[in-house]
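1. What follows is a predicted protein model with its sequence.
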Amino acid sequence: MIVRGWGHLPPIRMSGIRRDHAGVVCHAARSLAAASIAMNETEPTVAPDEPNIAPSRDYPVLFLKKGEDDRLRQGHLWVFSNEVDVVRSPLDQFVPGQIAAISDSTGRILGLGYVNPQALVCARLMERGARHAVDRSLIVHRLQVALALRQRLYGEPFYRLVFGEADGLPGLVLDRYDDVIVGQIGTLGMEQLKTAIVEAVVKVIKPRLMVWKNHGSVRRLENLPEYVESAVGVIEASTRVVEAGIEFWVDIANGQKTGWFYDQRDNRERLPRLVAGKRVLDVFSYVGAWGLRSAALGASAVLCIDSSAPALAAINAVAQQQGLADRVQTREADAFDALKELRQQREHFDVVIVDPPAFIKRKKDFAEGRIAYRRIFEAAMQVLSKDGILIACSCSHHLPRAVMLDLIQQGARHLDRSVQVLAQLQQSKDHPVHPAIPETDYLKGFICRVLPA
Ligand code: SAH
């Protein structure tokens with residue numbers, strides 16, 4: 001390892017070496033003044049058959065202020081801009097997206113991460129302990145680890161392959177539809193690694209089609225443009241996804257998010273005993289993952305409500321193909337209006353599923369979003385039969401589980417009904433929660449029996 005000066009930001013040199021003990025780097029980095037420090041050279045970082053996509057591994061050092069290393073040490077991956085010692089390492093001296101060694105105030109290197117000097121989260125750790133360079137081979141390794149989990153969990157190749165921070169790839173989401181991969185990048189640092197990501201995906205998955213669905217509010221926070229483009233193959237009008245033996249077709253380029261909501265798949269496994277022979281209402285149905293599955297499980301009638309006409313058209317097409325059309329209806333409407341109308345028509349359902357988009361996207365939306373959840377849960381209970389099942393969900397990280405349950409209870413009391421919680425839901429296992437990163441724990445839900453008071 002060679003340590004050299006580089007303006008304000010002394011770089012650490014890590015070319016072609018993999019350390020088998022992070023402490024070696026930490027120890028070396030403490031004496032940044034040293035001209036060169038002998039390292040245990042072990043295996044090469046880049047396999048011989050791979051070109052080295054990071055020819056220069058002279059990483060500048062981003063120093064944290066005293067005491068600001070706690071969060072990273074506890075397992076989080078983010079550095080906030082006010083935690084950086086900008087006297088020792090001025091943020092504007094980093095090239096946006098650049099990989100840097102992140103150091104505590106004493107010079108101990110905590111890991112390697114990418115830097116976005118303009119963002120509130122100005123760095124995210126890609127590698128703890130700086131054992132491996134941040135390059136294609138690191139991404140290949142992360143993908144293989146992520147893939148191993150999904151292959152252990154699911155019998156078929158339909159899942160979220162990479163869930164950002166929780167899979168050690170902050171800012172990256174990859175969903176798999178058999179030989180199709182849909183990616184979403186949320187940070188500038190990951191955007192810089194785009195070529196390496198595509199090469200890594202090609203190596204590990206060999207997709208027929210890989211599409212970047214790079215849109216969403218998170219990109220705006222990092223000043224990134226929104227676009228959809230193909231990285232491998234030609235974008236197709238519809239892509240097949242199989243869940244519980246049902247074949248769905250989704251429009252990955254124009255549909256919601258990456259096209260399918262794998263985060264609810266494990267929760268839908270709860271449907272079998274609840275819906276057979278029952279009348280089911282699927283509110284915010286999108287392409288009918290809950291509703292069509294209920295119909296396939298023997299629900300006597302299913303009504304899917306969504307404001308998206310293409311999503312409802314996809315439901316009708318699948319209902320036709322699967323021979324479910326006589327039991328599945330769709331209604332294009334605002335969910336709040338449709339529920340009011342159903343109530344006025346004195347319609348009742350045995351099971352009501354409410355799986356809305358995030359009403360609280362940012363913390364400051366909390367008060368408004370909370371009211372929206374309160375209203376929608378109560379409206380759902382108003383069309384629930386006397387002894388009905390409510391499946392209420394929220395994908396807002398900022399809505400705590402306890403608050404959500406309280407909103408359900410408030411709605412029930414307002415209608416003079418009582419609630420029994422039968423199950424608590426969370427995101428599917430292919431969206432693992434990182435215990436140190438609360439933001440990775442976002443989806444919650446309750447299966448409730450709602451009785452007369
Ligand atoms: N339940 C779905 C995912 C729902 S995503 C699943 O598990 O696959 C949220 C859906 O809500 C989107 O399809 C969107 O079109 C719809 N939506 C958003 N706002 C709406 C509104 N006010 N009324 C009705 N549908 C709405």
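-> That came through, no problem.
2. what's the neighbour count on residue 88?
-> If you count neighbours by other C-beta atoms under 10 Å, residue 88 ends up with 17. The C-beta positions use only the backbone N, C-alpha and C, and glycine is treated the same way.
3. shouldn't it be in contact with residue 63?
-> Yes: taking C-beta atoms under 8 Å as the contact criterion, residue 88 and residue 63 are neighbours in contact, 4.3 Å apart.
4. Who are the contact partners of residue 112?
-> Listed by C-beta atoms under 8 Å, 6 or more residues apart in numbering, the contact set of residue 112 reads 59, 99, 100, 101, 102, 125, 126, 127, 130, 133, 134.
5. Quick check, pLDDT for the last one.
-> According to the per-residue confidence, residue 134 scores 95 in pLDDT.
6. In contact with it, which residues?
-> With C-beta under 8 Å, 6+ apart as the criterion, the residues that contact residue 134 are 54, 99, 112, 113, 114, 126, 127, 193.
7. which residues does the fourth one bridge with?
-> Beta bridges link residue 113 to residue 100, residue 125, judged by DSSP bridges.
8. Next one, pLDDT for it please.
-> Confidence at residue 113, expressed as pLDDT, is 97.
9. got it, and residue 217?
-> The predicted structure scores residue 217 at 85 on the pLDDT scale.
10. Give me the distance between the closest residue to it other than its chain neighbours and residue 220.
-> When the adjacent residues along the chain are set aside, residue 217 lies closest to residue 361, with 6.4 Å between them (C-beta to C-beta, 6 or more residues apart in numbering). Residue 361 sits 11 Å away from residue 220 when distances are taken as C-beta to C-beta, to the nearest Å.
11. And the two? Which one has more around it.
-> Set side by side, residue 361 and residue 220 show unequal neighbour counts under other C-beta under 10 Å, the larger going to residue 361 at 16 against 11.
12. Just the pLDDT at that one, thanks.
-> What the model reports as pLDDT for residue 361 is 93.
13. Spit out the contact partners of it.
-> Contacts were defined as C-beta under 8 Å, 6+ apart; by that measure residue 361 touches 217, 369, 396.
14. Can you report how many residues neighbour residue 330?
-> The burial metric for residue 330, expressed as a neighbour count using other C-beta under 10 Å, is 22.
15. Make sure it is indeed in a strand.
-> Yes: with the criterion set as DSSP: H, G, I helix; E, B strand; the rest coil, the secondary structure at residue 330 is a strand.
16. The most centrally placed residue in the chain: what's its closest spatial neighbour, skipping adjacent residues?
-> Centre of the chain computed as the mean C-alpha position; nearest residue by C-alpha atoms, centre = their mean is residue 163, 4.9 Å away. The shortest distance from residue 163 to any residue other than its chain neighbours is 4.7 Å, reached at residue 431 (C-beta to C-beta, 6+ apart).
17. pretty sure the one you found is in contact with residue 264, am I right?
-> No: counting by C-beta under 8 Å, no contact exists between residue 431 and residue 264, whose distance comes to 9.9 Å.
18. For the chain, which residues are neighbours of the ligand?
-> 256, 261, 264, 284-286, 289-290, 306-308, 311, 334-335, 355-357 (C-beta under 6 Å from any ligand atom).
19. quick revisit: pull up the overlap in contacts between residue 431 and residue 264.
-> Overlap of the contact sets of residue 431 and residue 264 (by C-beta under 8 Å, 6+ apart) consists of residue 443.
20. And for the residue in the stretch 51-200 of the chain that the ligand sits nearest to, the neighbour number?
-> Closest residue of the stretch 51-200 of the chain to the ligand, C-beta to the nearest ligand atom: residue 175 (12.5 Å). One way to gauge burial is a neighbour count; for residue 175, by other C-beta under 10 Å, it gives 26.
21. What residues are bridge-paired with it?
-> Assessed by DSSP bridges, residue 175 has beta-bridge partners residue 160, residue 182.
22. ok, now residue 249?
-> With DSSP bridges applied, residue 249 shows beta-bridge pairing to residue 240.
23. what about the stretch 1-150 of the chain, any weak spots by pLDDT?
-> Segments of the stretch 1-150 of the chain classed as low confidence (criterion: pLDDT under 70) are 1-57.
24. And the helices in it?
-> Along the stretch 1-150 of the chain, counting by DSSP state H, counting those that start in this stretch, helices occupy 22-30, 70-73, 136-153.
25. Packing partners of the last one?
-> Packing partners of helix 136-153 (3 or more C-beta pairs under 8 Å, 6 or more residues apart in numbering; DSSP states H and E): strand 158-163, helix 194-205.
26. Quick one: list the elements packing against the last one.
-> Read that as helix 194-205. With contacts defined as 3+ C-beta pairs under 8 Å, 6+ apart, helix 194-205 has these neighbours: helix 136-153, strand 172-177, strand 180-185, strand 209-214, strand 227-232.
27. quick one: average confidence on that helix?
-> Mean pLDDT, helix 194-205: 98.
28. about what we covered before: can I get the helices of the stretch 1-150 of the chain in a markdown table including mean neighbour count?
-> Conversion of the helices of the stretch 1-150 of the chain to a markdown table gives the following (neighbours: other C-beta atoms under 10 Å):
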| stretch | mean neighbour count |
| --- | --- |
| helix 22-30 | 18 |
| helix 70-73 | 15 |
| helix 136-153 | 18 |
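29. Torsion angles phi and psi at the nearest residue to residue 356 once chain neighbours are set aside?
-> Once flanking residues are discounted, residue 356 sits nearest to residue 284: 4.6 Å by C-beta to C-beta, 6+ apart. According to degrees, to the nearest 10, the main-chain angles of residue 284 amount to phi 60, psi 50.
30. Touching, residue 284 and residue 335? I think so.
-> Yes: with the criterion set as C-beta under 8 Å, residue 284 and residue 335 qualify as a contacting pair; they are 5.7 Å apart.
31. Give me the common contacts of those two.
-> Counting by C-beta under 8 Å, 6+ apart, the residues touching both residue 284 and residue 335 are 305, 306, 356.
32. So which of those residues are in strands?
-> Within these, membership in strands is found for 305, 306, as judged by DSSP state E.
33. what's the closest of the shared contacts of residue 284 and residue 335 to the ligand?
-> For those, the nearest to the ligand is residue 306 (4.5 Å; C-beta to the nearest ligand atom).
34. per-residue confidence at the closest one?
-> On pLDDT, residue 306 comes in at 98.
35. Good, we can wrap up now.
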